[in-house]
Structure formats: C-alpha cells, structure tokens
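Visitor: 3D, please:
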Amino acid sequence: MKPSFLWIIGDAGWNEGSLACRWACEVLRNAGYPVTVQPLKPPAGPPIPWPSSISVAPPLMAGRQWLRPRQRTLARLMSSFDRIVSDMDLRTEFQVLECLDPSARAYLFARQADIPGVVDVSAYARFDGVLTISRTGYRAVFSRRPVLESRLWLLPPLVDWGLLRALERVPIFDTTGPVLAVAGVLNAPKGLDALINAVTVLRDRGREFSLMVLGDGPDGPRLRAYAQTLGMNAHFVSQPSGWGAWIKRANLLVAPQFQDGMAFDVDAALAVGTPIVATALPVIEERLPDLARDRLMKEPTVMNLVELLETPSVYERMPPIVGPERLNAWLSAFSVAT
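Guide: Model (predicted):
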C-alpha cells in the first residue's frame, strides 16, 4: 500500500507555497498516493481552485489566534498520515513543529530564497528532511546549518506541465499582435504594472501586443481594472491548471518580477519551448543557465521592457528542455521506494 501524504500550508490562497503544494499534490495523487492538504488559516485573498481528486480540509483557524484546541486537532490529524510536509513561510512550520510527534516522518518544503537572520532555525532539526527546488534556496538553508547536509535536498519542481494538453487545440482569445504571457501570483513584486505600461508605450509607437495573464492574487482585481482602463487586449486566466499548454500558445513568456521566487513560470516556459524575457534574479538565472544575456534585464523598468520587446531575436522559439525525472527524486527524498 502506498504511503499517505499530508501537506500543511498557511492558507489555500494565491501564494507560491499554495501553488507548489497544489502542483506537487496533483503529481502525487496521479501517481496513486493518497494526499490531503491542510490549510491553517483562511486565505486573505482569492482561493486557489483545487481539483476534486485532492482533498483540501477546511482551515483549522477561524481567526488569527493559534489556540491549544487547534494544536490538538492538528496533532491528531498528523498522526494518521505516513508522511507530513510543511510549507516554510516562517510561521507555518513552527506551528507544525509545536504539534509534531517525535516519531512522525515530517519534511519541510523550504521555498524562500533567503532566511532572515533573526529566525532561530534550530527547531528545523526535527524534520527528517528539508526540501528545496533551487540552488539559491539550498544555499540559504545550508548557510544556516539547521540540518545535516545529508538531510537537505535539492530537487526539481514537482509539476507536470503536460497536464490538460487539450487546451492547445482551443483558441485562447482574440489576439492582436504577439501574445505575451505572464504567470504567477499577482502581487506587487510580480512587476505586471511595468509590463502593462511598457505595452502601452509600444502601442503609442504603433506596435500592438496582447497580454495573457495566468494566475491571481491580492493585486488581481486592481491589475485587471488597470489593464481595462488602458484599453489593453488582456486576458486573465485565474486558475493554475494547464499552464504548460497556455504558455506554449504564447509568443513570449515575460517574467518581470523584482523579487526572487520559485520561477515556476520560467520552468513551464522551458518545458514547452516558449522564449523568455526576464529579470536577472538568481533563481531565474539558475533556471536558465544557457540563456543569452540579452534576454535578461538587471532591473524590470518600463523602458528596459520596451527595449527587449522591440528586439526581434527574443521571439525566436527555443527547443523544449526536458528536465530530470521529477517524481522519483521527490520519492527518494521522502524515503519512499520507487
């Protein structure tokens, strides 16, 4: 019988921890592993849509207080699963550790590109493994030495970008000019404001573009209204399924963020061969070791974006990059026979 997984996240809203959880659980569930997702609190913004095959429990907390009855509930829940995964958002993991039985097989998904120096990470030693999906994240954890190096894992993102390929046969939306795809959590660091402004500048120069925005988040309503006010041809897809198929239909994936994340959008574009323009952040550069320097910008300013979008060579399609086998690497980290 295959082991069961409980993945604990801060909330099931649009944030990178929830996205990583959703995609990983989808891969695990499709491989036959029982999976349950447990959010600790309600989302502050729009929730992420979850497939019916994944069980998402109601949030444990109704408000902000983390009271003892809720701790006991989480402790009982964790005791009924073979593997426990905790998202690292510098709060959730410590709430999990408060309730963790010493005999439990528990793992920390360390998604931050850095860990603030004020955080005492000595408690992380209670996890059986710490999982990272970027060398930047690996170095951030390794530099603090919370666990033995043998328990620190560098893994590929656990996502199947080939899901829902049927979307490739369906027109996305009415387009004008090249289609620029943006994908991820719609918040201030995403940099979508700068891209919208850059497309407006190019329109004034006689060049038309269409925007395809995959994802949602706290700034989603504002950005949709902003694009509409400017009269842009922008299509917002507020769901996380089928990103590979959507991005494959685009002429260019633009990643204009100004903070490091997990670069899921870049990973998806590489998997389907869509060319990329991005900010030269460590995690993005790591995902693109062979990308020409003229595709990256040091700062995601409006005029830097305009300059890149006016460069014909950035639209040359790339061959899809088939990365390492993903699921087996994760199962090895979880000490599950493959």
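Visitor: just the helices in the stretch 101-250 of the chain please.
Guide: Assigned by DSSP state H, counting those that start in this stretch, the helices in the stretch 101-250 of the chain fall at 135-144, 192-204, 220-229, 243-248.
Visitor: For the second one, which helices and strands make contact with it?
Guide: What that stands for is helix 192-204. strand 179-183, strand 210-214, helix 220-229, helix 302-309 (3 or more CB pairs under 8 Å, 6 or more residues apart in numbering; DSSP states H and E). Just so you know, the C-beta spots here come from the backbone N, C-alpha and C atoms, and that holds for glycine as well.
Visitor: so what's Asp82 up against?
Guide: Shown in contact with Asp82 (CB atoms under 8 Å, 6 or more residues apart in numbering): 3-5, 105.
Visitor: go on, Val130?
Guide: 107-108, 110, 124, 141, 146-147, 151-153.
Visitor: still on that earlier bit, and among the helices of the stretch 101-250 of the chain, the most buried is which?
Guide: Mean neighbours per residue, mean count of other CB atoms under 10 Å, is largest over the helices of the stretch 101-250 of the chain for helix 243-248, with a mean of 24.
Visitor: where does the stretch 201-338 of the chain have low pLDDT?
Guide: Scanning the stretch 201-338 of the chain for pLDDT under 70 picks out 291-293.
Visitor: Buried only: go through the contacts of Asp82 for me.
Guide: Among those, those classed as buried by 16 or more other CB atoms under 10 Å are 3, 5, 105.
Visitor: of the residues you listed, closest to Gly323?
Guide: Phe5 (22.3 Å; CB to CB).
Visitor: CSV for the buried ones among the contacts of Asp82, including distance to Val302?
Guide: As requested, these are exported to CSV (distance: CB to CB, whole Å):
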residue, distance to Val302
Pro3, 50
Phe5, 44
Arg105, 49
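Visitor: Which one, of the helices and strands packed on helix 192-204, ends up nearest to Ala329?
Guide: It is, among the helices and strands packed on helix 192-204 and with distance given as CB to CB, strand 179-183, at 23.4 Å.
Visitor: Listing partners with orientation, what would you give for the closest one?
Guide: Applying DSSP bridges, strand 179-183 is found paired with strand 210-214 (parallel), strand 252-255 (parallel).
Visitor: what sits up against the first one?
Guide: Contacts with strand 210-214, where a contact means CB under 8 Å, 6+ apart, come from 172-173, 175-184, 186, 192, 195-196, 199, 223, 227, 232-237, 240, 243, 246-247, 249-250, 265.
Visitor: Separate out the buried members of those residues.
Guide: Those of the contacts of strand 210-214 that meet the buried threshold are 172, 175, 179-184, 186, 192, 195-196, 199, 223, 227, 232-237, 240, 243, 246-247, 249-250, 265, by 16+ other CB under 10 Å.
Visitor: re earlier: compare the helices of the stretch 101-250 of the chain and give me the one nearest Pro34.
Guide: Among these, the nearest to Pro34 by CB to CB is helix 243-248 (25.0 Å).
Visitor: Quick one: distance of that closest one to the chain centre.
Guide: On the basis of CA atoms, centre = their mean, to the nearest Å, helix 243-248 sits 15 Å off its chain's mean C-alpha point.
Visitor: Right, I'll call it a day here.
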